[in-house]
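S.K.: With the input below, show me the fold.
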Amino acid sequence: MEPSRDANTEIETERSAVKAAGAFRTIREVAEDLDLPQHVLRFWETRFPQVKPLKRAGGRRYYRPEDVALLRRIRDLLHGEGYTIKGVQKLLRDEGRARPPAGGGVAVDEDQRTARARASVVLDPRKRAELESVIEELGDLRDLLRKPLA
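M.R.: Have a look, this model is predicted:
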C-alpha cells in the first residue's frame, strides 16, 4: 500500500530538516522555511534576476543555499522593512555593482546588510529633518484615524 500524500509531505519535511546546510532545496522546502506560498517564490524569480534556482527535467526547481539566503533577504525587505518590489530591485542592483567578485567577499549577516542598506541613503541634514517631520506628521494622522468617531 502506498503512503498518502500527507505522509509523503511529512517525510519530505523531515528530510529537509536533516539536510546539510549546503544541500539544495526544493521549492516546497524553501516555501515552508520562509513561510511563503510557492507561487510567491516563482513570481519573485520573474522580478529578481539574481534568484536563479537550478531547473531539472520537468522544470523542477532546486535552490542553492545562496538563493535561499537571497530570498530570505528579499522577504525581510518587502515584508519586514516595508520596501516595494522596485525598491528592493534597485537595492540589489546597486549592491551588485559594488559587490566584490564571487568568493572574494566576507560573509555578512542579515542585520549588517540591512544596516548597510539604510546607511547607503545619504541625505543632507535639511532634507533628513524635513523627512523626519513628514514621518512624524504621518504618525499623528495615523493615530487620528485609529480613534473611533464620536
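
S.K.: Break down the protein into its helices, ranges please.
M.R.: With DSSP state H as the criterion, the chain has helices at 5-18, 27-34, 38-47, 65-75, 85-98, 110-119, 125-146.

S.K.: Is Leu41 in contact with Glu32, as I believe?
M.R.: No: the pair Leu41 / Glu32 is not scored as a contact, 10.9 Å apart, by C-beta atoms under 8 Å. Bear in mind the C-beta positions are built from the backbone N, C-alpha and C, glycine included.

S.K.: Look at these two and report which has more neighbours.
M.R.: Using other C-beta atoms under 10 Å, the more surrounded residue of Leu41 and Glu32 is Leu41, with 22 against 17.

S.K.: The helices of the chain: which one's closest to Arg56?
M.R.: Across these, Arg56 has its closest neighbour in helix 27-34 (11.7 Å, C-beta to C-beta).

S.K.: middle-most residue in this structure, spatially?
M.R.: Nearest to the geometric centre of the chain sits Ile74, at 2.0 Å (C-alpha atoms, centre = their mean).

S.K.: can you tell me which residues contact that residue?
M.R.: Shown in contact with Ile74 (C-beta atoms under 8 Å, 6 or more residues apart in numbering): Trp44, Phe48, Val51, Val88, Leu92.

S.K.: Closest one to Ala23 out of the residues you listed, please.
M.R.: Val51 (17.8 Å).

S.K.: still on that earlier bit, could you redo the helices of the chain as CSV and give each row distance to Gly58 and mean pLDDT?
M.R.: Formatted as CSV, the helices of the chain follow (distance: least, C-beta to C-beta, whole Å; pLDDT from 0 to 100):
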stretch, distance to Gly58, mean pLDDT
helix 5-18, 17, 52
helix 27-34, 12, 94
helix 38-47, 15, 94
helix 65-75, 19, 94
helix 85-98, 28, 86
helix 110-119, 33, 56
helix 125-146, 48, 83
